[in-house]
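# Would you be able to build a 3D model of this:
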Amino acid sequence: MSQLASRNAPQLLSPFWPLDDQHSVGHVRLEAPLANADEVMPLLLSLAAQSDAMRSLQTSNGDAVSNLCASALRGEMAEDLRELAQLVDEESATLIRMRARALAGRAGHKETTLAIASRGASPALEVVCGPLCTWRPKTREPLHSFIAAARNERFQAILDSLDAALEDALDELRHDLDTPDLQLDFALPFNVTDLIASAGEAAGHPKHFAYFLPEDEGVDDLPLREQRTLYLRNVHLARYSLITTPLAEALLEGPRRAGEVEIEATLMPWIRGHDHGHNLIVNGTDYSWMDTLGVEPFMMLQEAIANVYGFLLTISEPWLEIAETSRLEMSATHIAEILHYMRRGPWHYGDCGSGYLELSFLAENGFVEIDAEGKVTWNEDDFCRGMTALAGTLTEATVGAPDKRGSEALIERYGWPTETAAKRTLTTMRRELGNVPTSLAFYSAGSPAPATFADGSSAPPLAA
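So this is what the prediction gives:
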């Protein structure tokens, strides 16, 4: 499914990944929601510029083409981080100083990452400056990145309320799926932030709106209590507005137009539901057969499981009340996002393959209709019934299955490249909607948006 980079591959020359026949860029202005932005932003911009330079010195396996230059840059970044630490709250400053020591060579990257993870902190200013795997199928080696994100207290409070009501929401799923033993294996801490600067590998295409730390820093196999999700809320909102909305406006016929959806209320519950959905199990869940199915097909099913369980959490009464939204709004958000993920290519990685499987299942079982041109007609009741049916199917075929046979049958019937009605939708998106952006570029407030050329490529974006 994915195209993995060889350990000895040359540096990737294309600014886009996956390599494809069409790309275009939407531009997003990043704001700085900081009380002392005038003091902090010059340092963040300096760190971002240094990080872009650092990444340009690396091959795709992380080796430096000039150790002398790389060493000088690490020293400069460490100094800027130490200066930054003097301008922020103590919790944020402690973590920033730890990263500065690692860059200066006074502590190892893995040692530092483990120490930060063990603290379990979600600082007011989250700074990552060092090796990061932004897309594991793009490169298996962490490459230098810079991220600065400010915690969004308002939406963090809403997310915490969603988590507090999780058991009540799960009771609805247990009833609707007739699965009384459905339970959450573990819950990852979740820091809701707004991105204010991005550079290096993290600024490549396509952009992340969430990072899984410290896993994405190249440190695996940690205890679950030391893992967490860093959510970039403003990037998620921008991605939906610039990419998902135009696709949905062109291809969805239903009770709610994509441009009318209150994504301020729906997107964060959607991703938190997805996050929890990955970790829902039943009695007897045992994925020891994963390797015999294949890692890529298994990951595609895991993304589908997270999507459908997560969606059912978002339309539970407790979560709808906290989010102050409706089942219709949540449904419109999710079906539109299915199009976005599919459009990126179900042959590339699990998220995209899961979108294809979802739409295939809904169409082939009569929960939505897809015409000859790929346009999807849907309604709230049938969509919700279809997602519930798919959740039940995945529970039986994969989550609670003793072996791979149910998963293989599900993929063969609904997954890429099976010819289903969903393929017509995918074909139309790729053939007719090439003008819709495939990725985002960031620029700072007060700066002009980067130029976009006729082939869809863009000038290097500013760091923030």
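# alpha carbons only for contacts and neighbour counts from here, please
Will do.
# can you pull out the strands in the protein?
25-30, 125-132, 143-151, 183-184, 190-200, 210-213, 228-232, 252-253, 280-281, 369-370, 376-377, 439-444 (DSSP state E).
# Which strands border the longest one, and is each parallel or antiparallel?
Looking back up the chat, that one is strand 190-200. Here strand 190-200 is paired, per DSSP bridges, with strand 143-151 (antiparallel), strand 228-232 (parallel).
# outside of that strand, which residues touch it?
With CA atoms under 8 Å, 6 or more residues apart in numbering as the test, strand 190-200 has contacts from 30-33, 44-45, 48-49, 51-56, 122, 143-153, 155-156, 228-235, 442, 463-464.
# do the same with the fourth one
Where contact means CA under 8 Å, 6+ apart, the residues beyond strand 183-184 that reach it are 170, 276, 279, 280, 281, 282.
# biggest separation within these, which pair?
Taking CA to CA, the two most distant members of those are 276 and 282; they sit 13.8 Å apart.
# Comparing those two, which residue is more hemmed in?
Using other CA atoms under 10 Å as the criterion, residue 276 and residue 282 rank with residue 276 on top: 21 against 18.
# That one and residue 187 touch, don't they?
Yes. At 6.4 Å, residue 276 counts as touching residue 187 under the criterion of CA atoms under 8 Å.
# Just confirm residue 334 contacts residue 312, I think it does.
No. Between residue 334 and residue 312 no contact is recorded; they are 10.6 Å apart, counting by CA under 8 Å.
# And these two? Which one has more around it.
Comparing residue 334 with residue 312 by other CA under 10 Å, the one with more neighbours is residue 312, at 27 against 20.
# Contacts only, for that one.
173, 387, 388.
# what's the weakest-modelled helix or strand in the protein?
strand 439-444 (a mean of 88; mean pLDDT, DSSP states H and E).
# elements contacting it?
Helices and strands touching strand 439-444, by 3 or more CA pairs under 8 Å, 6 or more residues apart in numbering; DSSP states H and E, are strand 25-30.
# and the strand it packs on with strand 439-444, angle?
30 degrees (axes from the mean of the first three to the mean of the last three CA atoms, to 10 degrees).
# quick one: average confidence on strand 25-30?
For strand 25-30, the mean pLDDT works out to 91.
# neighbouring strands for that strand, and are they parallel or not?
strand 439-444 (parallel).
# Could you check the strand it pairs with and say which residues are buried?
Judged by neighbour count (16 or more other CA atoms under 10 Å), strand 439-444 contains these buried residues: 439, 440, 441, 442, 443, 444.
# and the fourth one, how far is that from residue 36?
Noted for residue 442: a distance of 21 Å to residue 36, by CA to CA, to the nearest Å.
# Also residue 443?
Taken as CA to CA, the span from residue 443 to residue 36 is 19 Å.
# returning to that earlier point: return the member of the buried residues of strand 439-444 nearest to residue 354.
residue 439 (19.5 Å).
# residues contacting that closest one?
Contacts for residue 439 were tallied using CA under 8 Å, 6+ apart; they are 23, 24, 25, 26, 205, 206, 207, 239, 243.
# The same query, at a cut-off of 10 Å, please.
Residues in contact with residue 439 (CA atoms under 10 Å, 6 or more residues apart in numbering) are 16-17, 23-27, 204-208, 239, 242-243, 344.
# from those residues, which is closest to residue 416?
Nearest member of those to residue 416, counting by CA to CA, is residue 344, at 12.9 Å.
# can you pull the contacts of the residue of the chain most remote from its centre?
Most distant from the centre of the chain: residue 68, at 34.8 Å, with distances by CA atoms, centre = their mean. Not one residue lies near residue 68 by CA under 10 Å, 6+ apart.
# separation between it and residue 75?
11 Å.
# try residue 51
Residue 51 is 12 Å from residue 75, by CA to CA.
# Of those two, which one has the most company?
More crowded of residue 51 and residue 75, by other CA under 10 Å: residue 51, with 27 against 17.
# Report pLDDT for the closest residue to the more buried one other than its chain neighbours.
Distance criterion CA to CA, 6 or more residues apart in numbering; nearest residue to residue 51, sequence neighbours excluded, is residue 200 at 5.1 Å. Note on residue 200: pLDDT of 94.
# For the stretch 201-350 of the chain, give me the ranges with low pLDDT.
Residue ranges of the stretch 201-350 of the chain with pLDDT under 70: none are present.
# can you give me the helices for it?
Listed in chain order, the helices of the stretch 201-350 of the chain (DSSP state H, counting those that start in this stretch) span 233-239, 245-251, 263-277, 290-293, 295-314, 317-323, 327-343, 350-364.
# winner for burial among the ones you listed?
helix 350-364 (a mean of 26; mean count of other CA atoms under 10 Å).
# Would you pull up how far that one lies from the middle of the chain?
17 Å (CA atoms, centre = their mean, to the nearest Å).
# How about stretch 231-245?
Between the centre of stretch 231-245 and the centre of its chain there are 10 Å (CA atoms, centre = their mean).
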